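Chemist: Take this sequence and fold it.
(chains A, B and C)
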Amino acid sequence: MKLEIQNFEVRNIQFGDKTEYLKGVLFINKKELTDLISEDGRIKEIDIQVAHPGERVRITNILEISEPRIKDGNDDGYYPGIFGRLVKAGQGKTNVLKGSAVLEIGVMPGFYGGVVDMAGEGAPLTPYSKTHNICILTEPTPRIEMVEYGFALKQAGLKTSIYLAETTKGMTPDEVKVFDLNFPLERLKGLPKIGYLFLLHSHGDSREPFIYGDNSRHYYPTLLHPNEILDGAIVCGHYNISVAIKNTTFAILNHPVILDLYERHGEELNFRGVVIAPEPASLSEIRRTAMMSAGLLKDFLDVNGIIITKEGGGHTDVDLMEICEECERRGIRTVLIDNEWLGPDGTGELPLLASSQNADAMISVGNVDGMIDLPPMDKIMGGHTMLDFNGDLQRKINLPIRFIPNAISQLGLTYLTTEEE
Amino acid sequence: MLEKEIERTGIPTVLITSLIPTAKMLGANRIVQGVGITNPLGNPRVSQEEEKALRRRILSAALQLLTEKIEDGKVVTPLEIKTHSSVKK
Amino acid sequence: MIRIIHYLNQFFGQIGGEEKAGIPPEVIQGSIGPGRLINKLMEGKGKVIATLICGDNYFSEKTDEALKDLSKWIVEFKPDLLIAGPAFNAGRYGIACGEICKRVRDELGVPSVTGMSPENPGVGLYKKHVYIIETIQNASGMDMAISKMIRLGLKLVRGEPVEKPSEEGYIPKGIKKNVLSNKLASQRAIELLIKKIKGEPFQTEITFPEVDSVLPALPLRDLRKAKIALVTEGGLVSKGNPDHLESARATRYVKCLIGDLKRLSPEDFQSIHRGFDTQFVNEDPNRLVPLDVLREMEEEGLFKEIFPALFVTTGVATTLENGRRIGKEIAYELKTGGVSGAILTAT
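Modeler: So this is what the prediction gives:
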């Protein structure tokens, strides 16, 4: 399985008469894109706006973030099972408009939106302040159900990301990155064998990702090639959950643990592969999942150690700990990545909702209850108010950090952590 | 969390929850295992009668635990929880 | 020249021992006892201009009066810094030091430092609020304590950044703040794993505290005579949430009157808990609070009666402190309501 990611750098985005990518600038024909999205009758109003790094713009009511991508050299599209042909992801060539992102924006009871500042004190907390953001501002048709609207937004976002990436087909990229685990055995000999266990939230409609276009709630732990994850096999489907405790499609496509393990493959370690597993809603199922995950990692991938990440709220700390215990029991050394629940003033005594003697190596991605002061902004994109925040968002605000996508990042795409005061 | 404060006043308290590890970490003394996170005392996949029977088994175990002298912490799993029923609704 | 006020108890203030613990506050010009050590170690950068002395019992029993006098003098002297103690392992003294440091800083804006040994009850109460230099248990650690207290005190006065607890010597405040590392979490995780696999020393970023345990309450002697109460952390409220219970991070509880209700109906009840998918519970609230079956059991005579109110809070990410307080408040109502046993349901 060899994947070539072809990066086309986006230095600017402008609206124009023709949608094309020319010398680092992405031009978008606004009407054409709006018409494309309007084909879906579930979205009433659509506006496309663009935000650039460094502008004093605050983007609000952000629900999901993806990256403009497309398979090059064929008609496979992208996001297999949703917009792409159901072909195994992770091989061939993929074109990426690097340095850009597509943001789905909408308001609905039950949705938990996010906030991104493109400049100021809030900008360093999120990777999306450094991308040129194509924002799809939407309004739902009346009386539409929350879950249905989530599907509509997902389609709009992914459609946009493919439509834009199509501009790069057949062109020469700025940079090519090759992902291939097949190294000669001598190079891998003696290196610690490391795997990655990716726990995915699976608690129901609008609270789970899609795996090859399917709902992900009743499956057993399974092996996926890391290339598949880097190439669109898993897409975020969560709208009914805070941005802090879900993984956006953008983050999954740029999965930092997988990318880093690939960097070190053949040098410091032998990257043996990835297991994905659900987070079921009862303890007996959680234990079954733990047993089967540990089995795949030990008996098939033959790992010495693993990184485990989880997705979701406090309940899923139980999944994390049960799996940690089962893996350690089978001789697999574990490192867990998790956020802490310490209250707004950081004085909470219990960092997590479950614990284990075996969880002796943990990485903290920050206190999800923490607050941050953000300055007033010159422009708001996405609405001045949010359903679960009091007041006008354009002013100086004291915002819970859980509103900022990838400030807290359960798969590790963040610099945020905690420190004793 | 709450059960310890109630027990401190001398009222025996039993906690019904599916997330036993959390309950144990927080130091609950009398624990009965519930069915699932989204339905602690129910199962949407079975008939109403079966659900009520299940609920009764859990509650009986809970009331029983209130009458037992406990030394440390005790966890009771009153039934083999079937979360996947072969009977489709 | 930094102006320092020093707070001491009756013993270190050289008035007397336990028999003098009831003396009211007094003020003395210049330094006494350990205050002289402060002057010496300050090396001319600062001086104890006045020493405040108060008996430990007086402070403990008449705190507000004591603080009234002490604050008055502090305002008159206009110090740059307050140094209290060190109290070592003396409990009442430690609490007095913590309290005066906190008040002086909060109400008068004067930086303050104290010192105690880790078991001193003052630590649990004040470590969050004031800087407490960690000392050994007795006064043979005086030199070390004073020198660290001065070092930190000078930084506070000058507005210089305070280093980590392990470097400055103070007891960690138990406050963790969000900061940006220079490495991605994923990078730190992989580096940590490699160390762990190789058997090299490593450090975790999250540790679990000891949680206090409670002795199990004595069991019910006769279930048939018992009054059973239902409590839930699942956020089950009257439809429309009229009391506005929080859907996460609850700071309070609400009481739902259930009187003689045979069961909880989906028309009248809903869960507003945002930490789980509430659809099944909203279809049938008895799946979270089992009133229907419990009422049947009451009618069968298995126990005497169900308490006519349901106590509800939302357990999502509630801090331990709030959880304890809410628990105590509910416990009080149960106790005064003559409840014999409680059933608590959670997701």
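Chemist: what sits against residue A:3?
Modeler: Counting by CB atoms under 8 Å, 6 or more residues apart in numbering or on different chains, residue A:3 touches A:90, A:91, A:92, A:94, A:178, A:179, A:180, A:227, A:230, A:231. To be clear about C-beta, it is placed using only N, CA and C from the backbone, and glycine gets the same treatment.
Chemist: tally of neighbours for the fourth one?
Modeler: Residue A:94 is surrounded by 27 other residues when neighbours are defined as other CB atoms under 10 Å in any protein chain shown.
Chemist: can I assume it sits in a helix?
Modeler: No - assignment of residue A:94 by DSSP: H, G, I helix; E, B strand; the rest coil gives strand, placing it outside any helix.
Chemist: And the helix or strand where residue A:32 lies, what's buried?
Modeler: Assessed by DSSP states H and E, residue A:32 sits inside helix A:30-38. Across helix A:30-38, burial judged by 16 or more other CB atoms under 10 Å in any protein chain shown covers A:30, A:33, A:36, A:37.
Chemist: can you check stretch A:50-64 too?
Modeler: A:50, A:51, A:55, A:57, A:58, A:59, A:60, A:61, A:62, A:63, A:64.
Chemist: Do you have the strands of chain B handy? List them.
Modeler: Assigned by DSSP state E, the strands in chain B fall at B:13-17, B:30-33, B:74-76.
Chemist: Figure out which of the ones you listed is closest to chain A.
Modeler: Minimum separation from chain A across the strands of chain B (CB to the nearest CB) falls at strand B:30-33, 6.8 Å.
Chemist: partner strands of that closest one, parallel or antiparallel?
Modeler: strand B:13-17 (parallel), strand B:74-76 (parallel) (DSSP bridges).
Chemist: follow-up on the earlier one: and the contacts of residue A:3, which are buried?
Modeler: With burial judged by 16+ other CB under 10 Å, the buried subset of the contacts of residue A:3 is A:90, A:91, A:92, A:94, A:179, A:227, A:230, A:231.
Chemist: Okay, the residue nearest the centre of chain C and residue C:116: tell me how far apart.
Modeler: Residue closest to the average C-alpha location in chain C (CA atoms, centre = their mean): residue C:125, at 6.3 Å. Residue C:125 sits 11 Å away from residue C:116, going by CB to CB, to the nearest Å.
Chemist: Quick check: phi and psi at whichever residue of chain B sits closest to chain A.
Modeler: Per CB to the nearest CB, residue B:36 is where chain B lies closest to chain A, at 3.7 Å. With angles defined as degrees, to the nearest 10, residue B:36 sits at phi -160, psi 170.
Chemist: if we can go back for a sec, other SSEs contacting the helix holding residue A:32?
Modeler: On a contact count with 3 or more CB pairs under 8 Å, 6 or more residues apart in numbering or on different chains; DSSP states H and E, helix A:30-38 meets strand A:43-51, helix A:146-165.
Chemist: Could I get the full set of helices for the stretch 101-250 of chain C?
Modeler: Counting by DSSP state H, counting those that start in this stretch, the segments of the stretch 101-250 of chain C that form helices are C:121-126, C:142-158, C:165-168, C:185-198.
Chemist: Next: the stretch 251-400 of chain A.
Modeler: A:256-264, A:283-295, A:315-329.
Chemist: Send me the last one as CSV with only the CA atoms.
Modeler: The C-alpha trace of helix A:315-329 is given here as CSV (Å, rounded to 0.1, in the frame of the first residue of the first chain):
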residue,chain,number,x,y,z
HIS,A,315,-17.7,8.2,30.0
THR,A,316,-15.0,7.3,27.5
ASP,A,317,-12.3,7.6,30.2
VAL,A,318,-13.7,4.2,31.2
ASP,A,319,-13.0,2.8,27.8
LEU,A,320,-9.5,4.2,27.9
MET,A,321,-8.8,2.7,31.3
GLU,A,322,-10.3,-0.7,30.6
ILE,A,323,-8.3,-1.0,27.4
CYS,A,324,-5.1,0.2,29.0
GLU,A,325,-5.5,-2.5,31.7
GLU,A,326,-6.2,-5.3,29.2
CYS,A,327,-3.3,-4.3,27.0
GLU,A,328,-0.8,-4.0,29.9
ARG,A,329,-2.0,-7.3,31.2
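Chemist: Which other helices and strands does it contact?
Modeler: Contacts defined by 3+ CB pairs under 8 Å, 6+ apart place helix A:315-329 against strand A:193-201, strand A:270-279, helix A:283-295, strand A:305-309, strand A:333-340, helix B:20-25.
Chemist: And the average pLDDT for that helix is what?
Modeler: Helix A:315-329 shows a mean pLDDT of 96.
Chemist: quick one on the thing from earlier: closest to chain A out of the helices of the stretch 101-250 of chain C?
Modeler: Nearest to chain A, of the helices of the stretch 101-250 of chain C and by CB to the nearest CB, is helix C:185-198 at 3.4 Å.
Chemist: Now do the closest one: which elements does it pack against?
Modeler: Helix C:185-198 sits against strand A:193-201, helix A:256-264, strand A:305-309, strand A:333-340, strand A:362-367, strand A:416-420, with contacts defined as 3+ CB pairs under 8 Å, 6+ apart.
Chemist: between it and strand A:333-340, how big is the angle?
Modeler: Helix C:185-198 and strand A:333-340 are oriented at 150 degrees to each other (axes from the mean of the first three to the mean of the last three CA atoms, to 10 degrees).
Chemist: Go ahead and name everything in contact with helix C:185-198.
Modeler: A:192, A:194, A:256-257, A:259-261, A:264, A:268-269, A:304-307, A:333-335, A:337, A:361, A:363-365, A:409, A:411-417, C:181, C:183, C:201-202, C:204-205.
Chemist: of these, buried ones?
Modeler: By neighbour count, with 16+ other CB under 10 Å, the contacts of helix C:185-198 hold A:192, A:194, A:256-257, A:259-261, A:264, A:269, A:304-307, A:333-335, A:337, A:361, A:363-365, A:409, A:411-417, C:181, C:202, C:204-205 as buried.
Chemist: so where do the helices sit in chain B?
Modeler: In chain B, the helices defined using DSSP state H lie at B:2-8, B:20-25, B:48-66.
Chemist: residues making contact with the shortest one?
Modeler: Outside helix B:20-25, the residues within contact range by CB under 8 Å, 6+ apart are A:283, A:314, A:317-318, A:321-322, A:350, A:353-356, B:15, B:17, B:31, B:33, B:73, B:75, C:208, C:211, C:346.
Chemist: buried residues in it?
Modeler: Buried residues in helix B:20-25, counted by 16+ other CB under 10 Å: B:20, B:21, B:22, B:23, B:25.
Chemist: Residue C:113: what's it in contact with?
Modeler: C:81, C:82, C:83, C:84, C:101, C:130, C:131, C:133, C:149, C:152, C:153, C:156.
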